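In: Here is a sequence together with a model predicted from it:
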Amino acid sequence: MSDPKQTDGPTHLHEERTFPPSEEFAAAANGTAELFEHAAADREGFWAEQARRYVTWEQDFDQVLDWSDAPFSKWFVGGTLNACVNAVDRHVEAGNGDRVAIHFVGEPGDTRDITYAELHQQVQRAANALADLGVGQGDTVAIYLPMIPEAVVAMLACARLGAPHSVVFGGFSAEALHSRIDDVGATLVITSDGGWRRGKHSALKPAVDAALAVGDTDVQNVLVVRRTGQDVEWTDGRDVWWDDALAAAAESHEAQAFDAEHPLFILYTSGTTGKPKGIFHATGGYLVQTAYTSSVVHDVHPETDVYWCTADIGWVTGHSYIVYGPMTLGATQVMYEGTPDTPHQGRFWEIVQDKKVSILYTAPTAIRTFMKWGREIPEKFDLSSLRLLGSVGEPINPEAWMWYREVIGGDRCPIVDTWWQTETGGIMISPLPGVTPTRPGSAQHAIPGISAAVVDDVGQPVEKGSAGYLVLTEPWPAMLRGIWGDPDRYKETYWSRFENLYFAGDGAKLDEDGNIWVLGRVDDVMNVSGHRMSTAEIESALVSHPKVAEAAVVGAADETTGQAICAFVILRSEFVEEADEVGEGENLIAELRNHVAKEIGPIAKPRQIMIVPELPKTRSGKIMRRLLKDVAENREVGDVTTLADSSVMTMISAGLNKGD
Ligand code: WT7
């Protein structure tokens, strides 16, 4: 684990600028200063109140938290509920069926407005269709879909049946999909013929076919949504069109309530080892915290706001802040299928203007890309409907924060920089937009009900002005309930570094005013465009290639994506000469990049692969990534005295400079 002081992160840690909310914003905000007092005085009472305010329980709970088997928690013990009923049915019952739930914008320009009443019809039919295919309580369903409304319907239909879903991001390869389907034990896969991306059809069904061709899964059926109309291979008896299944299914579906601790979903994320972890979340606590944070952090007012979270449903941000949080509140939101530069670089701002988006939640990497494209682009559009901006996924540098505030937010919108993780389920550290004077680049403080700290090597809180490790000091409702099928790994990964503290894997600094600045990962996890990538996973993909003997991967600072994947590869001796031939080195590098894309997915392709004769190792054989990072970031190589062979770095640098 590296020293938190050496991680990438905001450079201006002595930020003095603060931006208090306008009086008008503060007066109407859902989040108030009293929440902090209430939570501090009676944490569990506070959460009980949020649970009853934001969620409808079929049967009320009789205990807020059971922490007797720590670090395994149970929240809202004895309570029963249905997540889909909370996100859909009850809004219709309350007379809000005509409210638009989803303004869908397809990449080619097709649009669909779906009301809560229509959504209610669809989730009932979908739940019946799934049940007709044999899906019931406790069965797991894999979802591999583009950003289309059917993805939301599929997730909610699973929740309605008590069948935990496991959404796999469409950018993952057949191999990655297979390992997730297998690990989660899915009996059904929901996919589509394809999706629209940069004006072209991307195919999804072939990856499902390839994943299932590997064998040894429990999959009985594949449900296929028609989106692009492209031809797909068909396996009779296994494959079923979504439209046909829904048309044949009964119209109404009586939802059953499940225990608060019933698993709602499993989502895979990269860790420090090669094998992705299935993070699983329970229904009650997760729904309470996502709805509460949508209300007090994103300040969603369901009657008047148009909310837009630009994340993909394949990541936790899409789960918590497209599906469960905002929909539990009954919000109206935009869902966009495509990329920000198709057909032009103003696409996002055109959508904000057309749909009168009032709350926008996006990632720093997107903001930095927009900065690069230039302010003239957003300036062509009317962005006056915006009243709150959010950021998530990685540290936002003060320059990007200021640009976001001025150019997109017209200097009037509070920015919430929200720190959280797949594991935390919901937002943990963030300003409250109507309360906290915001500070560019800092996520600032734990929200009411959450307890975070920055600690030193032995778990003691650091002084103001110092850096350390970010930890969570109390359990929270949306916390992961474990790693699917591997309780020991859960304890080991999160609870073994410091006693009784959840270690998030991030370094952080406390400024003189006590604000938290998240600096980035201190473990072997990279953050590329806000997506978590494991160095070990990419290394193992590289060494699975027949020409590769050894590989080391580091995340190098990148202006746009935060970090970029850089790989150092030692070839098997019989291929070393080949790589030296003119032009062959490049071909080989292209081959290796494509190999990683095939093993994990295009998102994991290294930006750079360097073929080297040796890797820097300590005497105990541990690769010193710090030195490789120096090379990848074009810096003078640091201290090499702990290397087993101190000439290795000279060899690497000499080899790399050869072609210049
Ligand atoms: C890691 C979690 C949270 C949903 C998207 C990513 C980094 C996340 C921030 C932020 C600085 C952040 C951390 C964290 N991160 N938000 N506001 N400031 N860093 O979820 O894939 O589980 O990744 O993303 O390093 O540990 P994830």
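Out: Great, that's in hand.
In: Tell me where the stretch 51-200 of the chain has strands.
Out: 63-69, 72-77, 80-81, 100-105, 111-115, 141-144, 165-167, 188-192, 194-197, 200-203 (DSSP state E, counting those that start in this stretch).
In: Can you give me the buried ones in the first one?
Out: This means strand 63-69. When burial is assessed from 16 or more other CB atoms under 10 Å, strand 63-69 yields the following buried residues: 64-66. In short, each C-beta sits where N, CA and C put it, glycine included.
In: Could I get the CA-only coordinates of it as PDB?
Out: The C-alpha trace of strand 63-69 is given here as PDB (Å, rounded to 0.1, in the frame of the first residue of the first chain):
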ATOM      1  CA  GLN A  63     -34.900  -2.700  15.500                       C
ATOM      2  CA  VAL A  64     -32.900  -0.100  13.600                       C
ATOM      3  CA  LEU A  65     -29.500  -1.700  13.600                       C
ATOM      4  CA  ASP A  66     -28.300  -5.100  14.600                       C
ATOM      5  CA  TRP A  67     -24.500  -4.900  14.800                       C
ATOM      6  CA  SER A  68     -24.000  -7.900  17.100                       C
ATOM      7  CA  ASP A  69     -22.300  -9.900  14.300                       C
END
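In: Can you tell me which helix or strand of the protein has the lowest average pLDDT?
Out: The weakest-scoring helix or strand in the chain, judged by mean pLDDT, DSSP states H and E, is helix 648-657 (a mean of 79).
In: And that one, what does it pack against?
Out: strand 608-611, helix 625-632 (3 or more CB pairs under 8 Å, 6 or more residues apart in numbering; DSSP states H and E).
In: ok, and what's touching that helix?
Out: 568, 610-617, 627, 631, 637, 640, 643 (CB atoms under 8 Å, 6 or more residues apart in numbering).
In: filter these to the buried ones?
Out: Counted by 16+ other CB under 10 Å, the contacts of helix 648-657 give 568, 610-612, 615-617, 627, 631, 637, 640, 643 as buried.
In: Distance to residue 365 and pLDDT for those - can I get that in JSON lines?
Out: Below are the buried ones among the contacts of helix 648-657 laid out as JSON lines (distance: CB to CB, whole Å; pLDDT from 0 to 100):
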{"residue": "568", "distance to residue 365": "24", "pLDDT": "95"}
{"residue": "610", "distance to residue 365": "24", "pLDDT": "92"}
{"residue": "611", "distance to residue 365": "28", "pLDDT": "92"}
{"residue": "612", "distance to residue 365": "28", "pLDDT": "91"}
{"residue": "615", "distance to residue 365": "29", "pLDDT": "90"}
{"residue": "616", "distance to residue 365": "29", "pLDDT": "90"}
{"residue": "617", "distance to residue 365": "32", "pLDDT": "87"}
{"residue": "627", "distance to residue 365": "26", "pLDDT": "91"}
{"residue": "631", "distance to residue 365": "23", "pLDDT": "91"}
{"residue": "637", "distance to residue 365": "28", "pLDDT": "86"}
{"residue": "640", "distance to residue 365": "33", "pLDDT": "84"}
{"residue": "643", "distance to residue 365": "34", "pLDDT": "84"}
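In: so the least confident helix or strand of the chain versus helix 625-632, what angle?
Out: 30 degrees (axes from the mean of the first three to the mean of the last three CA atoms, to 10 degrees).
In: which secondary structure elements does whatever helix or strand residue 566 lives in contact?
Out: In this structure, residue 566 is located in strand 562-571 according to DSSP states H and E. Packing contacts for strand 562-571, counted by 3+ CB pairs under 8 Å, 6+ apart, involve strand 525-528, helix 535-543, strand 548-558, helix 584-599, strand 608-611, helix 625-632.
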